[in-house]
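A.B. asks: Sequence first, predicted model second:
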Amino acid sequence: MEKNSKIYIAGHNGMVGSAIRRKLEQEGFTNLLLRSSKELDLRNQDAVAGFFAAEKPDYVFLAAAKVGGIIANNTYRADFLYENLMIQSNVIHQAYVNGVTKLMFLGSSCIYPKQAPQPLKEEYLLTGLLEPTNEPYAIAKIAGIKMCEAYRDQYGCNFISVMPTNLYGPNDNYDLNTSHVLPAMLRKFHEAKQRGDASVSLWGTGSPRREFLHADDMAAACYFLMQTYNEKEFVNIGVGIDISIKELAELIQRITGFSGRIDWDTSKPDGTPRKLMDVSRLQAAGWKASINLEDGISRVYNEKFMPGEIVS
């Protein structure tokens, strides 16, 4: 990418897209195409076609998606499938039609089978059944990977895909009904501390293991791969180290300074038992994560909650 290349970041207001925007701006890129969902509805085929025809971006980071945690994924199953399929289909197709030099599609670690061997290697895709609670979202993301592969095979498009692990960082979602586990815990512990609660109730048993990557590390990896990687096979982006949900809760309890107890509601689902990414392909390409989990969470907590911001 040249410094004056026209780069479209689809989803630039979200946690992923905003991190990519920050990284590009830090590296001196100034010709960024940015449209909010109100300005450009990526589910609308005609609107997306008109945008690409008018703007003719050179590069595309496809970070736009409808995302959420277990509750949202399991409740709005049709929405997650339909909206994500429409968003990525419209953007990928118009990138081909309008001669985009290179596109990066960002997926999710939930594409892997629920009982896949650990750590998750890229070749485990489509080797088993998915976790039922987020199956619609996962199927949409798998379709995005396969679209990039198919447009490469049929039309010669340099479309690549990356699969980030669980992310956290600036511009995360803290709505307790739709957020992921880490931001939800941060909010729960912070508000419990403010109220002086004796306990915090968390879902499940605490036994599942998850890997967490700071959004700034994710953006650095995407920037690196956009410059250097041009292969058909998708690439996992992660740290290669996981932690149990119980350990994560205790870490966040310590960071927030909550002195009460943690109650585990075992009537609620745990989700996938473990999701640890094999990042050997990424590391072999020459990139490795640099932000320590405790440091990263502390930074996020201080930025989001300590200035006295009221979370809604």
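C.D. replies: Nice, thanks for sending it over.

A.B. asks: okay, CA-based contacts and neighbour counts for the rest of this
C.D. replies: Fine.

A.B. asks: Need the residues that contact stretch 111-130.
C.D. replies: Residues outside stretch 111-130 that contact it (Cα atoms under 8 Å, 6 or more residues apart in numbering): 110, 131, 138-139, 141-142, 234-236, 240, 272-279.

A.B. asks: Of these, select the buried ones using a ChimeraX command.
C.D. replies: Applying 16 or more other Cα atoms under 10 Å to the contacts of stretch 111-130, the buried members can be selected in ChimeraX as follows:
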select :110,131,138,139,141,142,234,235,236,240,272,274,275,276,277,278,279
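
A.B. asks: and the contacts of stretch 111-130, which of them are in strands?
C.D. replies: Counting by DSSP state E, those place 235-236, 274-275 in strands.

A.B. asks: The stretch 1-150 of the chain: strands as residue ranges?
C.D. replies: Ranges of strands in the stretch 1-150 of the chain, per DSSP state E, counting those that start in this stretch, are 7-10, 32-33, 59-62, 102-106.

A.B. asks: wait, which of the ones you listed is closest to residue 41?
C.D. replies: Residue 41 sits nearest to strand 7-10 of all the strands of the stretch 1-150 of the chain, at 10.5 Å, using Cα to Cα.

A.B. asks: ok, and what's touching the closest one?
C.D. replies: Residues outside strand 7-10 that contact it (Cα under 8 Å, 6+ apart): 17, 20-21, 31-35, 57-64.

A.B. asks: Quick check: the farthest pair among those residues?
C.D. replies: 31 and 64 (19.0 Å).

A.B. asks: With neighbour numbers in mind, choose between the two.
C.D. replies: For residue 31 and residue 64, the more surrounded residue by other Cα atoms under 10 Å is residue 64, and the numbers stand at 24 against 16.

A.B. asks: Residue 180 is in contact with residue 67, isn't it?
C.D. replies: No - here residue 180 does not reach residue 67: they are 9.0 Å apart, not a contact under Cα atoms under 8 Å.

A.B. asks: of these two, who's got more company?
C.D. replies: Legend: neighbour count by other Cα under 10 Å for residue 180 and residue 67, higher for residue 180 (22 against 15).

A.B. asks: any idea how far that one lies from residue 172?
C.D. replies: For residue 180, the distance to residue 172 equals 9 Å [Cα to Cα, to the nearest Å].

A.B. asks: Lowest mean pLDDT among the helices and strands of the protein, which one is it?
C.D. replies: Taking mean pLDDT, DSSP states H and E as the measure, the chain has helix 70-75 as its least confident helix or strand, at a mean of 78.

A.B. asks: Figure out how far that one is from the centre of its chain.
C.D. replies: Its chain's C-alpha centre and that of helix 70-75 lie 16 Å apart, by Cα atoms, centre = their mean, to the nearest Å.

A.B. asks: Could you do stretch 225-236 as well?
C.D. replies: Centroid displacement of stretch 225-236 relative to its chain, using Cα atoms, centre = their mean, is 17 Å.

A.B. asks: And for stretch 49-69?
C.D. replies: 16 Å.

A.B. asks: Identify the residues contacting it?
C.D. replies: Residues contacting stretch 49-69 (Cα under 8 Å, 6+ apart): 1, 5-12, 14, 16-17, 33, 73, 80, 83-84, 87-88, 90-91, 94-95, 98-106, 177-181.

A.B. asks: ok, so what distance separates residue 52 from residue 159?
C.D. replies: From residue 52 across to residue 159, the span is 16 Å (Cα to Cα).

A.B. asks: which of these two has more neighbours?
C.D. replies: More crowded of residue 52 and residue 159, by other Cα under 10 Å: residue 159, with 28 against 18.

A.B. asks: can I assume that one is in contact with residue 99?
C.D. replies: No - if you go by Cα under 8 Å, residue 159 and residue 99 don't touch, sitting 11.3 Å apart.

A.B. asks: sorry, back to before: would you turn the strands of the stretch 1-150 of the chain into TSV with distance to residue 40?
C.D. replies: Putting the strands of the stretch 1-150 of the chain into TSV (distance: least, Cα to Cα, whole Å) gives the following:
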stretch	distance to residue 40
strand 7-10	10
strand 32-33	12
strand 59-62	14
strand 102-106	18
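
A.B. asks: Now do the SS call for residue 202.
C.D. replies: Following DSSP: H, G, I helix; E, B strand; the rest coil, the label given to residue 202 is strand.
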